[in-house]
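> everything below, folded, please.
(2 chains)
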Amino acid sequence: MNPAIQGREYPPTASYLVGREKVREFARAVQSTDPVSIDLDAARAAGFADLVAPPTFGVVVQEHALAQLLADEEAGIDFSRVVHGDQRFRFTRPIVAGDELTAVLTVASIKSLGGHSMITAETALTDAVGEHVVTAISTLVVRGDE
Amino acid sequence: MSPQFDSLTVGDIVAERQVTLDRDSLVRYAGASGDFNPIHYRDDVAAGVGLPGVLAHGMLTMGIAAGAATDWAGGAHLVKDYQVRFTRPVLVDPQSGAVLDISAKVAALDAEAKTARVDLTVRFSGNTVLGKAQIVIGLD
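Numbers count the residues shown, from 1 in each chain, chains lettered A, B, ... in the order given. Sure thing, here's the model as predicted:
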């Protein structure tokens, strides 16, 4: 992996429209029975215009941003050697169905540890008016040659 | 109804649950999340890269674990911050699946921000599979 890409910021991804049924589908996949993610009346009673996505839903949009990093030949990341090390979401507000989200990925750090490389990518998701929603922070471990 | 902030004490166990994952769960999560890495549904591919079997997506475990805390807290919209470290794989047997034991404990309280940090423990086959699994919940 190329340490010179530390600090690199990729162009904003195409916007992602969060669908109501996509929120329900994701909630079911993570075995959530949270009313605000399933029942429109419950979401509205909690003060939201539509269903609230489960806390890890941002990974769906983060995936599009990470694809840019993995496709970057200068980064030189061998995807077959990548293991997900850790993940974090820092919220300004929850993701809600109807949001049109754009992701910007920044390479926050690159470290070497015992032959492995660790790359931390911070993906900021903003809504249609440019307000911050959540930042998804992912550390990928790239295993070195055996 | 959300719990009252003033009623909480550090150390309280606020949720415990057991969840079973089977291969269907992994295929469903692959579709919902867009993560179609075949190590999560094909035994031959998993074996080919030296894994002992098909693994659950780490993000699936992270997503399921959150539910223990958010159900207690009163909804997904109350989460301010959520982080985990993936420390051990969850092997999903084609027949018996994988059983996860999840517990959630109040680990820190911030009276000014009215937030509770809840630490999650997820065990599979007796071992924890997540490290530093911390979810921060806003409570009024």
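
> quick one: residue B:31 from chain A, how far?
For residue B:31, the distance to chain A (CB to the nearest CB, to the nearest Å) stands at 7 Å. C-beta coordinates here come from the backbone N, C-alpha and C atoms, glycine included.

> just checking, that residue touches residue A:29?
Yes: using CB atoms under 8 Å, residue B:31 is in contact with residue A:29, at 7.4 Å.

> higher neighbour count, the two?
Applying other CB atoms under 10 Å in any protein chain shown to residue B:31 and residue A:29 shows that residue A:29 carries more neighbours, namely 22 against 13.

> any low-confidence regions in chain A?
A:145-146 (pLDDT under 70).

> what's the answer for chain B, then?
Ranges of chain B meeting pLDDT under 70: B:1.

> spatially central residue for it, please.
residue B:65 (2.3 Å; CA atoms, centre = their mean).

> what sits against that residue?
B:84, B:100, B:102, B:120, B:122, B:130, B:133 (CB atoms under 8 Å, 6 or more residues apart in numbering or on different chains).

> go on, residue A:68?
A:10-11, A:13, A:105 are the contacts of residue A:68 under CB under 8 Å, 6+ apart.

> which of the residues you listed are buried?
Using 16 or more other CB atoms under 10 Å in any protein chain shown as the burial test, the contacts of residue A:68 include A:10, A:13, A:105 as buried.

> now flag whichever of the residues you listed is closest to chain B.
Within the buried ones among the contacts of residue A:68, the smallest distance to chain B is 13.0 Å, found for residue A:13 (CB to the nearest CB).

> please enumerate the strands of chain B.
Per DSSP state E, chain B has strands spanning B:13-21, B:79-86, B:98-110, B:115-124, B:127-128, B:130-138. These are given in chain order.

> save the ones you listed as a markdown table, and put in distance to chain A and mean neighbour count too.
Shown next, in a markdown table, are these (distance: least, CB to the nearest CB, whole Å; neighbours: other CB atoms under 10 Å in any protein chain shown):
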| stretch | distance to chain A | mean neighbour count |
| --- | --- | --- |
| strand B:13-21 | 6 | 15 |
| strand B:79-86 | 4 | 22 |
| strand B:98-110 | 10 | 18 |
| strand B:115-124 | 12 | 21 |
| strand B:127-128 | 14 | 12 |
| strand B:130-138 | 7 | 21 |
